[in-house]
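In: Need the 3D shape of this:
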Amino acid sequence: MARLACKLTYDGTDFAGYQVQPNQRTVQAELEAALRIIHKGVHIPVVASGRTDARVHAAGQVIHFDTSLEIPAEKWPQVLNTRLPEDIGVEEVEEVSEDFHARFHTVSKEYRFYVTTGTKPNVFRRNQAVHIREELDVPAMQTAALALLGTHDFSTFCAANTSVQDKTRTITQIVVQPRGKEIEFAVCGSGFLYNMVRIIVGTLLEVGTGKRKASEMATILASCDRLKAGKTAPPHGLYLWRVSYEPALFAGRKLSETPG
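Out: Purely as a prediction, here's the structure:
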């Protein structure tokens, strides 16, 4: 048996999320259906670095699975892509050690969130970015974001219904970058709570529209109270951008290189 790690991209628009759900179209279900065909009816379970919600996209999701087929790793992208739907793509495949785990060996993750601005929405980005009619105060959002850097209890920015007890996480980088009529939010850290990035972006957008002051962000974070933060930003602007692992886990190139 060989263990393979794959880097995936997918458009989350028509998926009910990553994880298999009864009577729902999911990324995991499509992957396992393709592998079942390739393995002549044998079920091959797939393990991901983490789940993504309905309508959330991925530019650098990582999965692993075990196979008895003697197919070179460099051939697997073509083998899989010919059997996957058009909204899922396998970018790279590497053979890894038998103890590699796509979830438990994660070192860091990066998420990106895209917002378009202006009175007229961009119809070509309607499923890939959230549209805000108001002009956003980017410097204010950049200042507010700095308060989130470092290791903190991020209870304020976690969905209230989560069962996770320890909500301490580390954000190593957070960037708010204007790109024409689009604004890119990039958040990198050791790990994330449920809806953490979307709540952070939702709160920053309230700063950007003048509903909150940038100076309030440190107090909001310290409150550990979800009600003190802003609304959860819609899912379709969010991308799992990159998952990083220790290079020693891979025989060749790191799957966690920058997408594209």
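In: what helix or strand does the residue nearest the centre of the chain sit in?
Out: Taking C-alpha atoms, centre = their mean as the criterion, residue 240 is the residue nearest the geometric centre of the chain, at 1.9 Å. Here residue 240, judged by DSSP states H and E, is contained in strand 238-244.
In: who does that strand pair up with?
Out: Partners of strand 238-244 in the sheet, by DSSP bridges, are strand 57-67 (parallel), strand 108-117 (antiparallel).
In: Which of the ones you listed sits closest to residue 21?
Out: Set against residue 21 and scored by C-beta to C-beta, the strands paired with strand 238-244 come closest in strand 57-67, at 17.0 Å. For the C-beta atoms, the positions are set from N, CA and C on the backbone; glycine is no exception.
In: Pull out the buried positions in the closest one.
Out: When burial is assessed from 16 or more other C-beta atoms under 10 Å, strand 57-67 yields the following buried residues: 57, 58, 59, 60, 61, 62, 63, 64, 65, 67.
In: swap in stretch 205-222?
Out: 205, 206, 207, 208, 209, 212, 214, 217, 220, 221.
In: Chain neighbours aside, what residue packs nearest to the residue nearest to the centre of the chain?
Out: residue 58 (4.3 Å; C-beta to C-beta, 6 or more residues apart in numbering).
In: ok, now which ones touch that neighbour?
Out: By C-beta atoms under 8 Å, 6 or more residues apart in numbering, residue 58 lies in contact with 8, 9, 10, 12, 18, 27, 52, 239, 240, 241.
In: how much space between the fifth one and residue 106?
Out: Translated: residue 18. Distance, residue 18 to residue 106, by C-beta to C-beta, to the nearest Å: 15 Å.
In: Comparing those two, which shows the higher neighbour count?
Out: residue 18 (27 against 18; other C-beta atoms under 10 Å).
In: so the more buried one makes contact with residue 62?
Out: No: counting by C-beta atoms under 8 Å, residue 18 sits too far from residue 62 to count as a contact (11.7 Å).
In: hey, what's in contact with both of these two?
Out: Residues touching both residue 18 and residue 62 comprise residue 48, with contact defined as C-beta under 8 Å, 6+ apart.
In: one step back: is it possible to get a markdown table of the buried residues of stretch 205-222 that adds distance to residue 119, secondary structure and pLDDT?
Out: Shown next, in a markdown table, are these (distance: C-beta to C-beta, whole Å; DSSP: H, G, I helix; E, B strand; the rest coil; pLDDT from 0 to 100):
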| residue | distance to residue 119 | secondary structure | pLDDT |
| --- | --- | --- | --- |
| 205 | 17 | helix | 98 |
| 206 | 20 | helix | 98 |
| 207 | 21 | helix | 98 |
| 208 | 16 | helix | 98 |
| 209 | 14 | coil | 97 |
| 212 | 23 | coil | 97 |
| 214 | 25 | helix | 98 |
| 217 | 28 | helix | 98 |
| 220 | 30 | helix | 98 |
| 221 | 33 | helix | 98 |
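In: which among these gets closest to residue 183?
Out: residue 208 (8.2 Å).
In: roughly how far apart are residue 45 and residue 67?
Out: To residue 67, residue 45 is 11 Å away according to C-beta to C-beta.
In: which residues touch the strand holding residue 240?
Out: With C-beta under 8 Å, 6+ apart as the contact definition, strand 238-244 has outside contacts at 49-50, 52, 56-62, 102, 106-114, 186, 188, 197-198, 201, 254-259.
In: Nice, that's everything, thank you.
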